[in-house]
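Participant: quick one: sequence plus predicted model below, questions after.
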Amino acid sequence: MAQQSINIGTSANDGTGDPLRTAFDKINDNFSELYGSSAEANDLLEDTTPQLGGDLDVNGKRITSARSNEDIILLPNGTGGVLASAVRIAGTTLSSDDSSSITIAEAFQVNGATNIDGAVTATSTVAVTGATTLSSTLAVSGATTLTTTNIDNINIFDNSITSDSNADINITPGGTGNLVLGALTLNGTAISASDSTLIQLNEAVNVSGATSLASTLAVTGATTLSSTLAVTGAATFSGTAVIDNITINDETISTSSNSDLVLSPGGTGDVVISALRVNGTTLDSSDSSAVQINEATEIDGTLTVTGTATTAAINATGNVTVSGDISTGTLSIGDLNITADGTITTDTNGDFVVDPAGTGAIVLTGNITHTGTQTTTGQLNVDNLRMDGGVISSTSGSITLTPASGQNVVVSAGALLTAQEVQANFGEFTNLRSDVIRSDTSNGSLSIQSQGTGTVQIGQTEFSSSASTITGMVTNGNIAINANGTGVITTASQLTLTGSFLPAIHTFTATDSVTITEHAGRTLLLGEVGGNALVTLTLPAATGSGATYKFIVSVANTSNYVIKVADASDTIDGIMLYLDEDGTAVTAFPTVAASDTITLNGGTTGGIIGDYLELVDIATDQYHVRGTMRVAAGANPATPFSATVS
């Protein structure tokens, strides 16, 4: 029966709840459900499979789950375990709660790897179908029958003991015990026969290390040694002996085809053949007598003689090095002849060539007396003076030409002198030719004067003092006059141009400083490439220089062209005219006393392509401005003048 609840009404004594009889009837039914009809108050009746919670049921003596294929988990709290009789389960550990052994009374099968840390006593057969790992000693006191066994890397199967790939098999007897294999006894590195008979090797033997024999070695077949054979006693060989490429037969020692025969004594020992001794690369006689070479001798390499050598004619095809003196008549080396008086001559019409190797030099420490013509190909250095090709230069310091008293330094006609700078007082120039003539004084002016009614001619340009004219002497040639540094070219009287005057163009594409040298008198274009980046141009301080700066807009800029003074004491004075393209009305904006900045925003203050303004340095701290701007339809003109510096 399901649990019954008592209706207690909405509020106290409102008459909406269960009557008392009905309420107590529900209470009795609930108690009857709980206690049942037996005398035991804690008996659970009527429901033979009561719910323990969720899908877990009690059915008879079983606890069952209503969920298919799911585990029933007993999970104690903290360090508690699950206790079944005297067997305790704590995590993955199974132990006895009363400290007695756990007895498994039936067959025990382990399908996975088993680790046993303590001793295992098996009174019956142990059948292991999977891998078994022992972390302690396995002691077997009785007979043991194993089919296939793997211990570490050792496999025991039928009559074979094998190891894993490339692994050694180590068999170590205890204490002073030996390893006995049949009648063969192994004790350390010693092999002996336990029955004292001979040990026979019936197959080929390959010994790769050194072998020491304390008794007689009788070899009836061929023997191949891949290592050293050391014989301390007498050795007798009959027949032919072959050692690597060396063949010994009777009294002959030979090598295989094209192989060297090397005799190498130990330590400081020598190779002695009869009385001839060879020590390293030294050949001498062991009885101190002279070494005689009775046949023709050919030496292809260098021959070094440190003592006295008495010879007939020597024909040497290689190098000959003599570290001592040579006493001879005329020494002939190729086409070169050296006589006793120190004269070196060559054969008829032969050259005398001295050619040191690499970076070596020909060094002569005494005086040189030379007669005849000297021809030098390449560079000639005399102290700090260098002559190379057609160039005379100094490696350090100046070049001084000093003729004898009363004589001149003569440069032949048609010669051209070029230099970065010539510092001298010249009495006379028949012709003076230079790419540039400039003042040597920093920021100084340049003065060129002719005498009397003569003219000054520079390059292809003629200056006539009588006519006050400059004439180019080459058809369609340009005339260039340059001053040094910030120096200027000035005229003391009126300058009349009969032809055109062509000012240079400079384009401002980014913020910059305006200078007299670079920008005055030029046509200055306001041409910021994208027309959307601020360009600020700063004028030099006004000094009354008369410098004129004419700006023309070549690219409209909506992010402003700003022209301002650099010195806070400078001001700009003048007027700007604006054409309003809406009604073609003209508006003028004058400066005020503090005006020092002009802004062209491409709109209300002008800056359309073709707009222009001109600034003139008229006095100290004062610029004059005039210009003409346009404002496109849809906007009204506004003043471009402001005070942002002062």
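Facilitator: Looks like it arrived, so ask away.

Participant: got the domain ranges for this protein?
Facilitator: Using automatic domain parsing, the domain ranges for the chain come out as 427-493, 505-642.

Participant: the strands in the stretch 151-300 of the chain, which residues?
Facilitator: 154-157, 160-163, 179-181, 184-187, 190-193, 240-243, 246-249, 252-255, 271-273, 276-279, 282-285 (DSSP state E, counting those that start in this stretch).

Participant: mind putting those strands into CSV with mean neighbour count?
Facilitator: Heads up, the C-betas are built off the backbone N, CA and C, glycines and all. Formatted as CSV, these follow (neighbours: other Cβ atoms under 10 Å):
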stretch, mean neighbour count
strand 154-157, 14
strand 160-163, 11
strand 179-181, 12
strand 184-187, 14
strand 190-193, 12
strand 240-243, 12
strand 246-249, 13
strand 252-255, 11
strand 271-273, 12
strand 276-279, 14
strand 282-285, 12
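
Participant: of those strands, give the one that comes closest to residue 595.
Facilitator: Closest to residue 595 of the strands of the stretch 151-300 of the chain, according to Cβ to Cβ: strand 160-163, at 103.7 Å.

Participant: what's next to the closest one, contact-wise?
Facilitator: Applying Cβ atoms under 8 Å, 6 or more residues apart in numbering, the external contacts of strand 160-163 come out as 153-155, 169.

Participant: so what's the residue count around residue 570?
Facilitator: Neighbourhood size, residue 570 [other Cβ atoms under 10 Å]: 21.

Participant: what residues does the closest residue to residue 254 other than its chain neighbours make contact with?
Facilitator: Leaving aside its chain neighbours, residue 254 sits nearest to residue 247 (5.0 Å; criterion: Cβ to Cβ, 6 or more residues apart in numbering). Residues in contact with residue 247, defined by Cβ under 8 Å, 6+ apart, are 240-241, 253-256.

Participant: quickly find the element holding residue 518.
Facilitator: helix 516-519 (DSSP states H and E).

Participant: what pLDDT does residue 590 get?
Facilitator: Residue 590 carries a pLDDT score of 97 in this model.

Participant: next, the distance between the ends of stretch 59-79.
Facilitator: 30 Å (Cα to Cα, to the nearest Å).

Participant: oh, I was asking about stretch 577-585
Facilitator: First residue to last in stretch 577-585 (Cα to Cα) measures 10 Å.

Participant: do stretch 273-293 as well
Facilitator: In stretch 273-293, first residue to last residue: 15 Å (Cα to Cα).

Participant: which of the three states applies to residue 68?
Facilitator: Three-state assignment for residue 68 (DSSP: H, G, I helix; E, B strand; the rest coil): coil.

Participant: I misspoke; the intended subject was residue 95.
Facilitator: Residue 95 is classified as strand under three-state DSSP.

Participant: hang on, it packs against residue 88?
Facilitator: Yes - in this structure, residue 95 is within contact of residue 88 by Cβ atoms under 8 Å, at 5.1 Å.

Participant: who has more neighbours, the two?
Facilitator: Counted by other Cβ under 10 Å, residue 95 and residue 88 do not tie: residue 88 has more neighbours, with 17 against 12.

Participant: between the domains of the chain, which gets the lowest average pLDDT?
Facilitator: Set side by side, these give their lowest mean pLDDT on domain 427-493, at a mean of 65.

Participant: switch the strands of the stretch 151-300 of the chain over to CSV; also include distance to residue 319.
Facilitator: Listed next are the strands of the stretch 151-300 of the chain as CSV, based on distance: least, Cβ to Cβ, whole Å:
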stretch, distance to residue 319
strand 154-157, 70
strand 160-163, 65
strand 179-181, 68
strand 184-187, 65
strand 190-193, 62
strand 240-243, 38
strand 246-249, 34
strand 252-255, 30
strand 271-273, 27
strand 276-279, 23
strand 282-285, 20
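
Participant: residue boundaries of the helices in this structure?
Facilitator: Along the chain, counting by DSSP state H, helices occupy 20-35, 516-519.

Participant: packing partners for the longest one?
Facilitator: In this structure, helix 20-35 makes packing contacts with no helix or strand, judged by 3 or more Cβ pairs under 8 Å, 6 or more residues apart in numbering; DSSP states H and E.

Participant: in the sheet, who's paired with the residue lying closest to residue 261 once chain neighbours are set aside?
Facilitator: Leaving aside its sequence neighbours, residue 261 sits nearest to residue 255 (Cβ to Cβ, 6+ apart; 5.0 Å). In this structure, residue 255 bridges to residue 246 when assessed by DSSP bridges.

Participant: residue 255 against residue 246, yeah?
Facilitator: Yes - taking Cβ under 8 Å as the definition, residue 255 is a contact partner of residue 246 at 5.9 Å.

Participant: now do the shared contacts for these two.
Facilitator: Both residue 255 and residue 246 are in contact with residue 261, where contact means Cβ under 8 Å, 6+ apart.

Participant: show me the shaky parts of the stretch 251-400 of the chain.
Facilitator: By pLDDT under 70, the low-scoring segments of the stretch 251-400 of the chain are 307-315, 317-318, 322-324, 329, 340.

Participant: at 90 what do you get?
Facilitator: Low-confidence segments of the stretch 251-400 of the chain (pLDDT under 90): 251-393, 395-400.

Participant: and stretch 13-20, what's its mean pLDDT?
Facilitator: Taken as a whole, stretch 13-20 has an average pLDDT of 84.

Participant: could you report the distance from residue 192 to residue 205?
Facilitator: To residue 205, residue 192 is 17 Å away according to Cβ to Cβ, to the nearest Å.

Participant: who's the residue nearest to residue 550 when sequence neighbours are not counted bridged to?
Facilitator: Nearest residue to residue 550 in three dimensions, chain neighbours excluded: residue 614, at 4.6 Å (Cβ to Cβ, 6+ apart). Beta-bridge pairing of residue 614 under DSSP bridges involves residue 550, residue 626.

Participant: counting neighbours, what do you get for residue 614?
Facilitator: Residue 614, neighbours per other Cβ under 10 Å, totals 16.

Participant: how far away is it from residue 552?
Facilitator: Plainly put, residue 614 is 10 Å away from residue 552 if you go by Cβ to Cβ.

Participant: again, but for residue 154
Facilitator: 101 Å.

Participant: again with residue 190
Facilitator: Counting by Cβ to Cβ, the gap from residue 190 to residue 552 is 113 Å.

Participant: that older thread, other SSEs contacting the helix holding residue 518?
Facilitator: For helix 516-519, not one helix or strand is in contact under the criterion 3+ Cβ pairs under 8 Å, 6+ apart.

Participant: which parts of it are buried?
Facilitator: 516, 519 (16 or more other Cβ atoms under 10 Å).

Participant: residues making contact with it?
Facilitator: Residues from elsewhere that reach helix 516-519 (Cβ under 8 Å, 6+ apart): 486, 506, 540, 545, 547, 549.

Participant: what about that helix, distance to the chain center?
Facilitator: 47 Å (Cα atoms, centre = their mean, to the nearest Å).

Participant: pull out the CA atoms of that helix and give them to me as PDB.
Facilitator: Provided in PDB are the C-alpha atoms of helix 516-519 (Å, rounded to 0.1, in the frame of the first residue of the first chain):
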ATOM      1  CA  ILE A 516      66.700  78.900 -47.600                       C
ATOM      2  CA  THR A 517      69.300  76.700 -49.400                       C
ATOM      3  CA  GLU A 518      66.900  73.900 -50.500                       C
ATOM      4  CA  HIS A 519      63.600  75.800 -51.000                       C
END
